[in-house]
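K.L.:
how would this look folded up:
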Amino acid sequence: MVIDDPLDFEGDNDPLLSTPRPTKRKKVIGLDDLLVEFCETGKDELKASAAKAKAKGRPKGYNSDDEDKHVTEKEISFCKFVEECEEKAKALDPGEEVPQWGQQVFSCQKSPTILNCTGVENCQLLQSFCGLEHLGFDLEIEKGEGFLEGMLIDGWLLKLILLYGSVEDSIASWALTKLLYSSNKKLQDSASEFWDSLLSLNEDDKPQVNFGYFPSYSILKGALLNYGYLQDAPCTTTSTSETAVAGTSDGGPPQNITAWLRLVSACCKIRKLHPVFSPSEAEDLLVTVISLFLDRQLEGLLLILGDCLNSLVLYFSTSEWECSCLMVAESISKRVRMDLNCLRIVDCITGTNDRSKFLRSQLALQLLKNSFSLKVANVEKILKSVTSTNVKEKECNFFMLYVYLVLMDNLLFSSDAFRNKPAIIEAWRTYLRNCSTQIGCTDWRFYASKVRNKASYLLQGAISKKPAAGGGSVSAQ
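P.N.:
Okay, here's the model as predicted:
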């Protein structure tokens, strides 16, 4: 083999070498060319069909103005038809707006009458510690009330009292005044914690320290009136106006209302030790706390309001509760209007104990009794009045029927008082079934769809709650 000879893979068929171009083929038609050709063909066909229609379909003497006039007449007739439909819809639904729930509970706040607690720094508790030399620091009592406020905020005042084992009336009264009227948030919270500790009981149901000064009903009620509470405002003046819904002009609820609620709850929990309120006073406080649920400014305090409500409900003895519950329900029913406010009140009583359920049932009973102007709260008469509402009538007030449905359901099923009345329960189920079936899904009347949906929902609950064996009429008195 000669060295200069090419190798086997260096022959003519080397793939790396450029190959000659193939002979030029016929031009390939692309998709764009086909599309253009199709469009042009379609235009020709459209022109031909249009010419043919013009020659055959149109009569002699055709005028394009006649066609435009015909189209205009159709548009006018269609617009008239739409206007007629709108008028009928307005006749069925007048466009009424149901006001939102909310009542003005507080007005302008007043200045407290007595805030002067001079000489509290001279109490025996602090004087007894001043003589102790091993403290290593001065108590600086000469600074007066400011020194005592600092001790209260830092928690040292409570520690001294727990160490001392008792608290003087002057200190307890001073701390209560700071709790109810102080504008300093830290001082207010510290005073609230101070009184929570005083009113809390140990495992033996005894107080942690000895004290003889308790918050009274007059002090708590006076503080609430200073906050601007509208005590005897009837439902006609505390209407659901824009001011009540949006909030009052002073920019918020009373600063000390949270501490006030916590204090009332704490006072209720020590009834075994000391009954702070009489039954009539507790009834008034319960009515007050329930009315606070209508203030939209207090929506952020629902947990505290609920705890205070449950504490007041459980404050009454077993022998006092039934009569007191009736008094509370009657008082609330006179203060609340028959609109979304009454439903708000009933829904806010969320306790699962028997007393809360009974209160919810009695409140619904009194609201329905006042609405139908009955002298005696008889459930059979109330049920007959509610079920006499004919949903097929053109003038049917569906909004009031919606309110009646919710209240009637709470009356019958919140407590077990009517579970053994199968005749009443069955009549109620029948009416709910009629409401859910006789109101069409295309019924445009005001609140009709909500009544239908609510009736269907309540019917499912009424079916699941089977009554006990028994029967007969019942009077709710």
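K.L.:
state the distance from the residue lying closest to Phe293 once chain neighbours are set aside to Leu374.
P.N.:
By the measure of C-beta to C-beta, 6 or more residues apart in numbering, the closest residue to Phe293 outside its immediate chain neighbours is Cys348, 4.2 Å from it. In short, each C-beta sits where N, CA and C put it, glycine included. Using C-beta to C-beta, to the nearest Å, Cys348 is found at 25 Å from Leu374.
K.L.:
doesn't Ser265 make contact with Val289?
P.N.:
No - judged on C-beta atoms under 8 Å, Val289 makes no contact with Ser265 at a distance of 9.5 Å.
K.L.:
what's the overlap in contacts for those two?
P.N.:
Cys308 (C-beta atoms under 8 Å, 6 or more residues apart in numbering).
K.L.:
all helices of the stretch 301-450 of the chain, in order?
P.N.:
Assigned by DSSP state H, counting those that start in this stretch, the stretch 301-450 of the chain shows helices spanning 302-313, 318-335, 340-348, 354-371, 379-387, 398-413, 422-438, 448-464.
K.L.:
save those as CSV, and put in mean neighbour count, mean pLDDT and distance to Gly165 too.
P.N.:
Listed next are these as CSV, based on neighbours: other C-beta atoms under 10 Å; pLDDT from 0 to 100; distance: least, C-beta to C-beta, whole Å:
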stretch, mean neighbour count, mean pLDDT, distance to Gly165
helix 302-313, 19, 95, 27
helix 318-335, 17, 94, 34
helix 340-348, 20, 94, 41
helix 354-371, 22, 94, 36
helix 379-387, 18, 92, 56
helix 398-413, 21, 93, 49
helix 422-438, 18, 91, 59
helix 448-464, 17, 87, 55
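K.L.:
adding distance to Lys178, write these out as JSON lines.
P.N.:
Output for the helices of the stretch 301-450 of the chain, formatted as JSON lines (distance: least, C-beta to C-beta, whole Å):
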{"stretch": "helix 302-313", "distance to Lys178": "19"}
{"stretch": "helix 318-335", "distance to Lys178": "31"}
{"stretch": "helix 340-348", "distance to Lys178": "30"}
{"stretch": "helix 354-371", "distance to Lys178": "33"}
{"stretch": "helix 379-387", "distance to Lys178": "49"}
{"stretch": "helix 398-413", "distance to Lys178": "41"}
{"stretch": "helix 422-438", "distance to Lys178": "53"}
{"stretch": "helix 448-464", "distance to Lys178": "48"}
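K.L.:
do you know which of these lies nearest Pro254?
P.N.:
Minimum separation from Pro254 across the helices of the stretch 301-450 of the chain (C-beta to C-beta) falls at helix 302-313, 13.2 Å.
K.L.:
that closest one to helix 318-335, inter-axis angle?
P.N.:
130 degrees (axes from the mean of the first three to the mean of the last three C-alpha atoms, to 10 degrees).
K.L.:
now do the contacts for Phe398.
P.N.:
Phe398 touches Val391, Arg445, Phe446, Tyr447, Ala448, Lys450, Val451, counting by C-beta under 8 Å, 6+ apart.
K.L.:
how much space between it and Val391?
P.N.:
8 Å.
K.L.:
for Ala377, same thing?
P.N.:
On the measure of C-beta to C-beta, Ala377 and Val391 end up 25 Å apart.
K.L.:
next, give phi and psi for Asn210.
P.N.:
phi -90, psi 130 (degrees, to the nearest 10).
K.L.:
list the contacts for it?
P.N.:
Asn210 neighbours (C-beta under 8 Å, 6+ apart): Gly165, Ser166, Val167.
K.L.:
quick revisit: which one of the contacts of Phe398 sits closest to Leu199?
P.N.:
Lys450 (45.6 Å).
K.L.:
now do the contacts for the residue nearest to Phe293.
P.N.:
Applying C-beta under 8 Å, 6+ apart, the residues near Cys348 are Ile290, Phe293, Leu302, Leu305, Gly306, Leu309.
K.L.:
and if you look at Leu263?
P.N.:
So Leu263 contacts Leu176, Leu179, Leu180, Ser192, Trp195, Pro215, Leu220 (C-beta under 8 Å, 6+ apart).
K.L.:
and the fifth one, how many residues sit next to it?
P.N.:
Okay, so that is Trp195. 21 (other C-beta atoms under 10 Å).
K.L.:
how far away is it from Arg419?
P.N.:
43 Å.
K.L.:
same deal with the first one?
P.N.:
When C-beta to C-beta is the yardstick, Leu176 and Arg419 sit 46 Å from each other.
K.L.:
more crowded one of these two?
P.N.:
Using other C-beta under 10 Å as the criterion, Leu176 and Arg419 rank with Leu176 on top: 23 against 16.
K.L.:
quick check, nearest of the contacts of Asn210 to Asn202?
P.N.:
For the contacts of Asn210, the nearest to Asn202 is Gly165 (12.9 Å; C-beta to C-beta).
K.L.:
give me the nearest residue to the closest one, chain neighbours excluded.
P.N.:
Using C-beta to C-beta, 6+ apart, the closest residue to Gly165 is Val209 (5.8 Å).
K.L.:
for the one you found, grab phi and psi.
P.N.:
phi -130, psi 160.
K.L.:
likewise Ser166?
P.N.:
Residue torsions, per degrees, to the nearest 10, at Ser166 are phi -160, psi 170.
K.L.:
how close does the closest residue to it other than its chain neighbours sit to Ala172?
P.N.:
In this structure, Ser166 finds its nearest non-sequential neighbour in Asn210, 4.1 Å apart by C-beta to C-beta, 6+ apart. For Asn210, the distance to Ala172 equals 11 Å [C-beta to C-beta].
K.L.:
also Ile425?
P.N.:
Counting by C-beta to C-beta - Ile425 and Ala172 are separated by 53 Å.
K.L.:
cool, and Arg262?
P.N.:
16 Å.
K.L.:
could you do Arg429 as well?
P.N.:
57 Å.
K.L.:
now Asp409
P.N.:
In terms of C-beta to C-beta, Asp409 sits 47 Å off from Ala172.
K.L.:
the contacts of Asn210, buried ones only, as a ChimeraX selection?
P.N.:
Here is the ChimeraX selection string for the buried members of the contacts of Asn210, based on 16 or more other C-beta atoms under 10 Å:
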select :167
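K.L.:
now, which of the contacts of Asn210 sits nearest Gln104?
P.N.:
Val167 (38.6 Å).
K.L.:
make sure the closest one is actually in contact with Phe214.
P.N.:
No - at 11.6 Å, Val167 does not count as touching Phe214 under the criterion of C-beta under 8 Å.
K.L.:
related to what we said a few turns ago, out of the helices of the stretch 301-450 of the chain, which gets nearest to Gln109?
P.N.:
helix 302-313 (19.2 Å).
K.L.:
show me what that closest one is packed up against.
P.N.:
Using 3 or more C-beta pairs under 8 Å, 6 or more residues apart in numbering; DSSP states H and E as the contact definition, the elements that helix 302-313 packs against are helix 257-268, helix 279-292, helix 340-348, helix 354-371.
K.L.:
tabulate those helices in JSON lines, adding columns for distance to Tyr457.
P.N.:
Formatted as JSON lines, the helices and strands packed on helix 302-313 follow (distance: least, C-beta to C-beta, whole Å):
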{"stretch": "helix 257-268", "distance to Tyr457": "33"}
{"stretch": "helix 279-292", "distance to Tyr457": "25"}
{"stretch": "helix 340-348", "distance to Tyr457": "14"}
{"stretch": "helix 354-371", "distance to Tyr457": "17"}
